[in-house]
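1. I need the structure of the sequence given here:
(one chain, ligands or ions: 1)
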Amino acid sequence: MKKIAVLGYGVVGSGTVEVFYKNKASLEKKVGDELDIKYILEIRDCPDERYRDKFTKNFDDIVNDPEVYVVAEVIGGVKYSYGYVKSCLEAGKSVVTSNKELVASKGAELLEIARAHNVNFFFEASVGGGIPIIRPLNQCLSTDEIEEIAGILNGTTNFILTKMIKENMGFDEALKIAQELGYAERDPSADVEGHDTCRKICILASLAFGRHVYPDGVHTEGITKITLEDVKYCESMNSVIKLIGFAAKRGDNVAIMTCPAVINEESQLAGVNDVFNAILVRSDATGDVVFYGKGAGKLPTASAVVADITNALKTDHTSKTMSWKDSGQEFVIPFAKLSNRFYVRAEADRKTVESVFGEVRFLSRDGAPDSECAFVTGELNENDFAGKCRDLNVFGTLRVLDY
Ligand code: HSE
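-> Below is the predicted model of the structure:
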């Protein structure tokens, strides 16, 4: 009999317990042993819960119990989870987690601790919810040189943007629905300000390029400034707005960013709507591969956690491939040196725009006031672009990406 502990009983934690017991018989067959959840760590009192006999408020019960083989950390954040995960690995227990903040900020260190104690630290659920991406990237595409990764990595913001684009719905109303459906983070600013996407692209970049990319060094913009006017202008050039995390290998360094971007409707990412996520991986031998599925929500995420539990139970040594080295900030190319094409909406006349930006493509929308002007620039370095924007009264800017 192999015993499991679950740290946290929120949306993903309760989903993990639900999926585990629903599929227990088939999981036991896969692992070749009897399985059970022995503990659920939760600080709230849950007297009416079906599994109340498993609840504990004391982490020591878990870390000191030699029967516990695998621990699933689904608390979120770093404050408590970092210490808990570290202690479990040091106690010789494999850990699986859905916690992207933890993996993005402490991944290199925790992978090293896991290796030192011959156990595993798995985190399939941390990126893309129920989409298998970590293991395919790490194993199936391991013979390829990965050149680039770009993804719609946040279900909440994709849900909001889809409502804005397809139903003309305002930002606040769409966010409220996403929260009610259990997609959003406890503090939804992590979703709408782009930090959640940033953490996920950092995890993918670290895995793909073998060195830790820390979120602090990555330029990050969210979707809070996008208006229905921007949506309409983009529509006029057969494009949609998506929050994209992208990372591309440039020699020994990585170009990486999170930003709302204009994507042509022909792109494989453009048709990804609602809570769905998609991750495009571009590699030298295989070319483009797109992973698609539900990127948030209780059961899709829980399914990935339970799959990791099963894998950890089947593996009695540290996976050799699931790792990356630590790195300094110099691995990331400074934001000011990156270049892109840009969409701009400003209060300006066409002559002034051309005198500042040179040749541009002007856009139109129904009902636009005479003073408003929207256009797409040629390729510009971020620094130069910011300088030119200072010469106009700019309402909003977006990057135009070719994925
Ligand atoms: N808040 C996240 C999202 C949950 O909306 O994608 C899944 O990581």
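2. pLDDT weak spots in the stretch 51-200 of the chain?
-> Counting by pLDDT under 70, the stretch 51-200 of the chain shows no low-confidence range.
3. mind listing the helices for it?
-> Along the stretch 51-200 of the chain, the segments classed as helices by DSSP state H, counting those that start in this stretch run 59-63, 81-90, 100-116, 134-135, 155-167, 171-180, 189-192, 195-209.
4. from Phe375, how far off is the residue of the stretch 301-403 of the chain found nearest the ligand?
-> When scored by Cβ to the nearest ligand atom, the stretch 301-403 of the chain has Thr301 as its residue closest to the ligand, at 6.2 Å. For every residue, glycine as well, the C-beta is placed using N, CA and C. Note on Thr301: its distance to Phe375, by Cβ to Cβ, to the nearest Å, is 40 Å.
5. need the winner for burial among the helices of the stretch 51-200 of the chain.
-> Counting by mean count of other Cβ atoms under 10 Å, helix 195-209 has the highest mean neighbour count of the helices of the stretch 51-200 of the chain, with a mean of 27.
6. just the CA atoms of that helix, as PDB, please.
-> C-alpha atoms of helix 195-209 as PDB (Å, rounded to 0.1, in the frame of the first residue of the first chain):
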ATOM      1  CA  HIS A 195       2.200  37.600 -13.900                       C
ATOM      2  CA  ASP A 196       0.600  34.100 -14.100                       C
ATOM      3  CA  THR A 197       1.400  33.900 -17.800                       C
ATOM      4  CA  CYS A 198       4.900  35.200 -17.100                       C
ATOM      5  CA  ARG A 199       5.500  32.400 -14.500                       C
ATOM      6  CA  LYS A 200       4.300  29.800 -16.900                       C
ATOM      7  CA  ILE A 201       6.500  31.000 -19.900                       C
ATOM      8  CA  CYS A 202       9.400  31.100 -17.500                       C
ATOM      9  CA  ILE A 203       8.800  27.400 -16.500                       C
ATOM     10  CA  LEU A 204       8.600  26.400 -20.200                       C
ATOM     11  CA  ALA A 205      11.700  28.400 -21.100                       C
ATOM     12  CA  SER A 206      13.700  27.000 -18.300                       C
ATOM     13  CA  LEU A 207      12.700  23.500 -19.300                       C
ATOM     14  CA  ALA A 208      13.300  24.000 -23.000                       C
ATOM     15  CA  PHE A 209      16.600  25.900 -22.800                       C
END
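7. is that helix up against the ligand anywhere?
-> Yes - Helix 195-209 is in contact with the ligand by Cβ under 6 Å from any ligand atom, via Asp196.
8. now that helix against helix 155-167, angle please.
-> Counting by axes from the mean of the first three to the mean of the last three Cα atoms, to 10 degrees, helix 195-209 lies at 120 degrees to helix 155-167.
9. next SSE after helix 195-209?
-> strand 219-220 (DSSP states H and E).
10. what sits up against that next one?
-> Here strand 219-220 makes contact (Cβ atoms under 8 Å, 6 or more residues apart in numbering) with Glu193, Gly194, His195, Thr197, Cys198, Met257, Thr258, Cys259, Phe335, Leu338.
11. show me which of the residues you listed is closest to the ligand.
-> Among the contacts of strand 219-220, and counting by Cβ to the nearest ligand atom, the member closest to the ligand is Thr197, at 8.1 Å.
12. what angle separates the host helix or strand of Ile40 from helix 81-90?
-> If you go by DSSP H and E, Ile40 is part of strand 35-41. Inter-element angle recorded for strand 35-41 and helix 81-90: 140 degrees (by the same axes, to 10 degrees).
13. partner strands of strand 35-41, parallel or antiparallel?
-> With DSSP bridges as the test, strand 35-41 is paired with strand 2-7 (parallel), strand 55-56 (parallel).
14. that one: which residues count as buried?
-> Residues of strand 35-41 classed as buried: Leu35, Ile37, Lys38, Tyr39, Ile40, Leu41 (neighbour count, 16 or more other Cβ atoms under 10 Å).
15. the fourth one: what's it in contact with?
-> Neighbouring residues of Tyr39 by Cβ under 8 Å, 6+ apart: Ala5, Val6, Lys54, Phe55, Thr56, Asp61, Ile62, Asp65, Val68.
16. do the first one as well
-> Shown in contact with Leu35 (Cβ under 8 Å, 6+ apart): Met1, Lys2, Lys3, Ile4, Phe20, Lys24, Leu27, Glu28, Leu313.
17. what parts of the stretch 251-400 of the chain come near the ligand?
-> Gly295, Ala296.
18. taking the stretch 251-400 of the chain, what residue is nearest to the ligand?
-> Among all residues of the stretch 251-400 of the chain, Ala296 sits closest to the ligand, at 3.7 Å; criterion: Cβ to the nearest ligand atom.
19. can you check the stretch 1-150 of the chain too?
-> Taking Cβ to the nearest ligand atom, the stretch 1-150 of the chain has Gly129 as its residue nearest the ligand, at 5.3 Å.
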